[in-house]
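Enquirer: Need coordinates for the following:
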Amino acid sequence: MAAALFARASENRHVVESAGTHAAGSIHPLVIEAMREIGVDLSDRKPRQLDAGLVARADVIVRCLAPDPDDYPWGACAARFLDWRLPMPSDEENPTLAEIRALRDAIDARVRALVHFAP
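Expert: Residues are numbered from 1 along each chain as shown. Model (predicted):
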């Protein structure tokens, strides 16, 4: 969600990539539905595993529930880390649409603030 929201908010002025330390096999259908509600189509996107190449290219890495930057298996990197505390669903395997909407809106607010300060 964050990558798509950032691309939209920045009007594609920045390169944004999305990956996770524990990437799922597919995007949850409720995430696709919640994003479609605000005009963002994620139906053709696939989750991607975070790897050393992505970390090496990054200027900024936004983390949610991730380890300390020094704990990444790729060692130290030049990227600035941002830790976002987000309203995660109580059951991440079976979230409700309301929980996904709350998560989407929280991410969108943080993305808009980040875009405001991006060069």
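
Enquirer: so where's the chain uncertain?
Expert: In the predicted model of the chain, residues 65-75, 119 satisfy pLDDT under 70.

Enquirer: could you pull out the helices for it?
Expert: 2-9, 29-37, 52-57, 97-117 (DSSP state H).

Enquirer: and the closest residue in space to Ser18 that isn't next to it in sequence, how many neighbours?
Expert: Using Cβ to Cβ, 6 or more residues apart in numbering and skipping the chain neighbours, the partner closest in space to Ser18 is Ala3 (3.5 Å). Using the backbone N, CA and C atoms, a C-beta is placed for each residue, glycine as well. The tally of other residues near Ala3 (other Cβ atoms under 10 Å) stands at 17.

Enquirer: which of the residues in stretch 85-95 are buried?
Expert: Leu86, Pro89, Pro95 (16 or more other Cβ atoms under 10 Å).

Enquirer: Let me know the closest of the residues you listed to Ser43.
Expert: Of all those, Ser43 sits closest to Pro95, with 17.9 Å by Cβ to Cβ.

Enquirer: Can you pull the phi/psi pair for that closest one?
Expert: Here is the backbone geometry of Pro95 (degrees, to the nearest 10): phi -70, psi 160.

Enquirer: Run through the residues that contact it.
Expert: Neighbouring residues of Pro95 by Cβ atoms under 8 Å, 6 or more residues apart in numbering: His28, Leu30, Pro89, Leu103.

Enquirer: Asp51 contacts Glu17, correct?
Expert: No. Contact between Asp51 and Glu17 fails when scored by Cβ atoms under 8 Å: they sit 10.7 Å apart.
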